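Student: Kindly generate the corresponding structure for this input.
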Amino acid sequence: MSLQFPNMFLALLILSGIAGAQAENPATAAPPVSYSSISELNQLVANLQQTSQQIQTNLSHLRVDKWKTDSGTKRQTEGDVESIQRNLQSALPGMLDNLKNAPESTPLTFKLYRNLDALYDVMNSVVESAGAFGSKEDFQVLSKDLGSLEDSRRAFAERMDKIATAKENEIGQLRVALQTARAEIPPKKTVVDDTEPPKKPAPRKKSVPKPKSSNTQTAPSQQSSPQQNSQ
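Tutor: Residues are numbered from 1 along each chain as shown. Next up is the predicted model:
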C-alpha cells in the first residue's frame, strides 16, 4: 500500500508552526477529537503493546552465546537485543502515553513512527542472524514478532498520513475563509490634503540695551595758584 508521504510531510511542516503558535497562545485550543479516531488509536496502541511484550519475552529466551558463529557477531547481536529491550521498556511506553493524551498530534505520531522504523531495522538484523546461526524455533518465533512489528509500523504510518491530510485540508479551508473575510472588508479611504499651510511670520529679534559704563571719571577743578592771587 503506497502512502502519500509528500502530503504528509508538507502538512507536518505547516502543523509544526501551528503547534508552536498554540503553545504561545493557549487560547487557541485544538478542535475536539472524534470518538472513531480515539477508538482507532486505542486499538493500534493495544496491538503494539501486545507485540512489545511478545518481543521482550522471546528475546529474553534467546541464547546468542550458543550460536555457532564468531565472537564479534555474537557481541553485535547481543548489543542489538539489549537495545531493543531497552527501547521497548523505557522509550516506547512514554511515547504511547504522550500520544494518548494528544490522539491526533501529528508530531507525536511521527515521532512514534520513526521509533518503530528504527526498531524494525534492528529487529530485522537480529532475525537474520537467528536464521543464519540460531535454532529454527528461534528464527520462526522472532520472524513472527517482526511481522507484528511491521504491521504496527504500517498502521501508524497510515494513521499519520490520514491525520496529516485532514489537517492540510483544514488549513486550506481556513485560508479560503481568511481570504473571503479580507475581501468583504471595505478599503479605507485616504484623504490627502495638499493645501499649503500659511507661513508664520518670522519672529522679530528683541534689541538688547547696552549696559551703562561704571568707569565715568569727573574732571578735577582747577585751583588758582598763590602767585596769581597775590597779584
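Student: So what's the residue count around Trp164?
Tutor: Careful, residue 164 is Ala and not Trp. Number of residues near Ala164 (other C-beta atoms under 10 Å) recorded here: 24. Heads up, the C-betas are built off the backbone N, CA and C, glycines and all.
Student: now swap in Ala166 and tell me
Tutor: 14.
Student: so what's it scoring on pLDDT?
Tutor: Looking at Ala166, its pLDDT stands at 82.
Student: same thing with the one 3 residues further on?
Tutor: At Asn169, the predicted lDDT confidence score is 76.
Student: do Leu174 as well
Tutor: For Leu174, the model assigns a pLDDT of 79.
Student: Just the element for it, please.
Tutor: Using DSSP states H and E, Leu174 falls within helix 136-184.
Student: I figured Val81 hits Val64, correct?
Tutor: Yes - at 7.0 Å, Val81 and Val64 qualify as touching, with contact defined as C-beta atoms under 8 Å.
Student: Show me which of those two is the more surrounded one.
Tutor: Val64 (22 against 19).
Student: any idea how far Ile185 is from that one?
Tutor: For Val64, the distance to Ile185 equals 70 Å [C-beta to C-beta, to the nearest Å].
Student: And the helix or strand containing Gln56, what does it pack against?
Tutor: Element membership of Gln56 [criterion: DSSP H and E] is helix 35-60. Using 3 or more C-beta pairs under 8 Å, 6 or more residues apart in numbering; DSSP states H and E, the elements in contact with helix 35-60 are helix 71-86, helix 92-101, helix 106-133, helix 136-184.
Student: Out of those helices, which is closest to Val45?
Tutor: Nearest to Val45 among those is helix 92-101; the distance by C-beta to C-beta comes to 5.4 Å.
Student: Now do the buried residues in that closest one.
Tutor: For helix 92-101, the neighbour count (16 or more other C-beta atoms under 10 Å) marks Leu92, Met95, Leu96, Leu99 as buried.
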